[in-house]
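*Asks:* I'll drop the sequence and a predicted model, then ask my questions.
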Amino acid sequence: MCNESTITDVASPTSRKTIVLSSLLSLQPIDGNFHQLRRDAILECCLRQHGNKLDLHAAVVMPDHCHLLLTPLRKSDGWYYSLPEIMHAVKGASARRINVLLGRSGAVWQEEFFDYVLRSNESLAEKVEYVCQNPVRAELVKSANEYSWLWKGAIPIL
């Protein structure tokens with residue numbers, strides 16, 4: 001769930017260190033064969049925020065959840081975007097897009113999300129590997145490179 005100390009640490013305008021957040025967002029169950037459309041829309045919305053509110057380092061959209069590794073960017077006033085602001089942007093845009101694609105309305109995401117602050121290169125490398133191997137562990141593909149809803153960008157040195 002949203003951790004207040006995490007949000008305060010990330011939002012500080014005087015912070016100089018790179019902070020990478022690992023977030024887990026859970027999706028509402030869905031009927032039918034719409035998982036691919038939903039995953040396409042979610043990954044597209046995550047990538048749209050890359051360079052806007054966040055630097056996205058890795059993302060994987062599974063059938064029932066999404067993992068994001070990101071660093072919040074600074075606003076024009078010098079403060080970092082907060083995790084709730086980032087989650088609202090990603091979840092709001094993707095929910096609207098999914099509901100339009102599926103011709104429906106209603107909740108797409110579960111309300112809560114889980115986040116962890118990564119402060120060491122070792123924990124970041126482990127988390128990137130975990131995120132990238134998630135589709136393999138779920139037996140959706142044999143190799144992470146085969147998974148269409150996995151994106152990996154620049155990995156910062158912490």
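*Replies:* Everything's here; your move.

*Asks:* now the lengthiest helix in the chain: buried residues?
*Replies:* In the chain, with assignment by DSSP state H, the single longest helix is helix 83-102. Judged by neighbour count using 16 or more other C-beta atoms under 10 Å, the buried positions of helix 83-102 are 83, 85-87, 89-91, 93-95, 97-98, 102. Any C-beta I mention is one placed from the backbone N, CA and C, and that applies to glycine too.

*Asks:* what of stretch 44-56?
*Replies:* Of all the residues in stretch 44-56, those buried under the rule 16+ other C-beta under 10 Å are Cys45, Cys46, Arg48, Gln49, His50, Lys53, Leu54, Asp55, Leu56.

*Asks:* and those residues, which two are furthest apart?
*Replies:* Using C-beta to C-beta, these span at most 15.7 Å, a distance reached by Cys45 and Asp55.

*Asks:* quick one on the thing from earlier: narrow the buried residues of stretch 44-56 to those in strands?
*Replies:* Here DSSP state E is the test, and the buried residues of stretch 44-56 give Leu54, Asp55, Leu56 as lying in strands.
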